[in-house]
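# The sequence and its predicted three-dimensional model are supplied below.
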Amino acid sequence: MKTVADILKAKPSAQIHSVWPTATVLEAISVMADKGVGALVVMEGEKVVGIVSERDYARKVVLMERSSYNTEVSEIMTADVITVSPEQSNEYCMQLMTDKRLRHLPVLENGRLVGLISIGDLVKDIISDQQSMIRTLESYIRGETA
């Protein structure tokens, strides 16, 4: 089973997009749209203090009729951030995301943010593993040697 570190290495971009807790929701949503991501890690210096997602925006701004222009990210972010380490497995992360209904997991190593994985990253990895297994089994069935 692959680890979070393996998944991070396979990502096309290692860039982690973040925002300050004092940023406006409009600024955060603009960054998400510009970067094509569904969540941002909320940082104070080097410390992860939250995560904010499109879901937070929809549920805590739009549905509550708040203003994106003057609502701060700190008012809508999830402050109790669940994180994983690079050594944890894809399987563990999938179970965690399913149980906790999460779509994004910040990756911390020695307390430092080193990446962010999404449910999409995990699904891509699982599909890739399954396709590889299918090719291997087909070769075996045909009697081909590696």
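Everything's here; your move.
# Report the contact partners of Glu44.
Glu44 makes contacts with Trp20, Pro21, as judged by C-beta atoms under 8 Å, 6 or more residues apart in numbering. C-beta: built from backbone N, CA, C; applies to glycine.
# Quick check: phi and psi on the residue lying closest to Leu102 once chain neighbours are set aside?
Distances taken as C-beta to C-beta, 6 or more residues apart in numbering place Ile82 nearest to Leu102, at 6.4 Å, with adjacent residues excluded. Backbone torsions for Ile82, taken as degrees, to the nearest 10, come to phi -90, psi 130.
# Ala33 now?
Torsion angles, degrees, to the nearest 10, at Ala33: phi -70, psi -40.
# I figured the residue nearest to Leu102 hits Arg103, correct?
No: the pair formed by Ile82 and Arg103 falls short of the contact definition of C-beta atoms under 8 Å, at 11.5 Å.
# Show the residue spans covered by the helices in this structure.
4-10, 25-35, 54-57, 73-76, 90-100, 119-142 (DSSP state H).
# Make JSON lines from the ones you listed and add distance to Ile16 to it.
Formatted as JSON lines, the helices of the chain follow (distance: least, C-beta to C-beta, whole Å):
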{"stretch": "helix 4-10", "distance to Ile16": "10"}
{"stretch": "helix 25-35", "distance to Ile16": "10"}
{"stretch": "helix 54-57", "distance to Ile16": "17"}
{"stretch": "helix 73-76", "distance to Ile16": "16"}
{"stretch": "helix 90-100", "distance to Ile16": "17"}
{"stretch": "helix 119-142", "distance to Ile16": "13"}
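# Would you single out the least confident of those helices?
Ranked by mean pLDDT, those bottom out at helix 119-142, with a mean of 87.
# ok so, going back, nearest to Asn110, of the helices of the chain?
With distances scored as C-beta to C-beta, the stretch of these nearest to Asn110 is helix 4-10 (13.4 Å).
# Centre of the chain to the closest one, how far?
12 Å (C-alpha atoms, centre = their mean, to the nearest Å).
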